[in-house]
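Colleague: build the 3D model from these lines:
(one chain, ligands or ions: 1)
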Amino acid sequence: MKNTITLVLVIISSFTGLQSCYYDKADMLYPNTISCDTTAVVSYSQKIVPLFQQQCYSCHLSASMGGGILMGNYAADKAMAVNGKLYGSVSYASGYSPMPKGANKLTNCQLALVKKWIDSGSPNN
Ligand code: HEC
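Modeller: The predicted model follows:
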């Protein structure tokens, strides 16, 4: 009986494992179906903040959890964009701690949006 339960758990967990893989690769599998509009102006408030809320602010609103790196307001986020650490960390460039820590790398689309925002002068738009 115990073995059956273990077997069922193994099957369920391998299934959810496969599923998360599948979603991780979604933007590689369907490169054109996800709306990844990098031609438009990238808005800090509409694109960058929601992404950071999802991926970064959980640690970086508090200095103790985020290794002393604070994010979460325009001035702080812009400073990190300008000094190169933002793109260095999310693009896994050598010499930077890869971010988001302990999670999957951002998708190509998310990286492209961050890069475009930085390249356009990281405006507060
Ligand atoms: C789970 C917590 C956590 C999350 C989520 C997280 N960080 Fe970090 N971050 C850290 C810690 C801790 C450090 C200190 C360095 C280290 O431990 O790697 C750090 C360091 C950094 C640094 C400095 C890197 C360097 O090499 O100087 C930057 C920039 C950074 N984070 C940006 C981000 C961004 C942008 C995101 C979201 C895309 C993010 N972090 C998500 C915990 C986190």
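
Colleague: which element is the residue of the chain found nearest the ligand on?
Modeller: Of all residues in the chain, residue 67 sits closest to the ligand, with a separation of 2.2 Å (Cβ to the nearest ligand atom). (Glycine included, C-beta is placed from N, CA and C.) Under DSSP states H and E, no helix or strand contains residue 67.

Colleague: give the burial count for the nearest residue to it once chain neighbours are set aside, as a bare number.
Modeller: Excluding the flanking residues, the one nearest residue 67 by Cβ to Cβ, 6 or more residues apart in numbering is residue 97, at 7.6 Å. The number of residues packed near residue 97 is 11, by other Cβ atoms under 10 Å.

Colleague: kindly report the same for residue 50.
Modeller: By other Cβ under 10 Å, 11 other residues sit near residue 50.

Colleague: domain parsing for the chain?
Modeller: Residue ranges for the domains of the chain, per automatic domain parsing: 1-34, 42-125.

Colleague: ok, now which ones touch the most centrally placed residue in the chain?
Modeller: With distances taken as Cα atoms, centre = their mean, the chain has residue 106 as the residue nearest its mean C-alpha position (3.8 Å). If you count contacts by Cβ atoms under 8 Å, 6 or more residues apart in numbering, residue 106 has them with 51, 55, 90, 100, 114.

Colleague: out of those residues, which are inside strands?
Modeller: In strands, defined here by DSSP state E, there are no members of the contacts of residue 106.

Colleague: which ones among the residues you listed come in contact with the ligand?
Modeller: For the ligand, the contacts drawn from the contacts of residue 106 by Cβ under 6 Å from any ligand atom are 55, 90, 100.

Colleague: helices of the chain, start to end?
Modeller: Ranges of helices in the chain, per DSSP state H, are 2-24, 26-29, 49-55, 57-60, 74-82, 85-90, 108-119.

Colleague: now the residue nearest to residue 92 when sequence neighbours are not counted. Its backbone dihedrals?
Modeller: Once flanking residues are discounted, residue 92 sits nearest to residue 98: 4.6 Å by Cβ to Cβ, 6+ apart. In this entry, residue 98 is assigned phi and psi values of phi -60, psi 130 (degrees, to the nearest 10).
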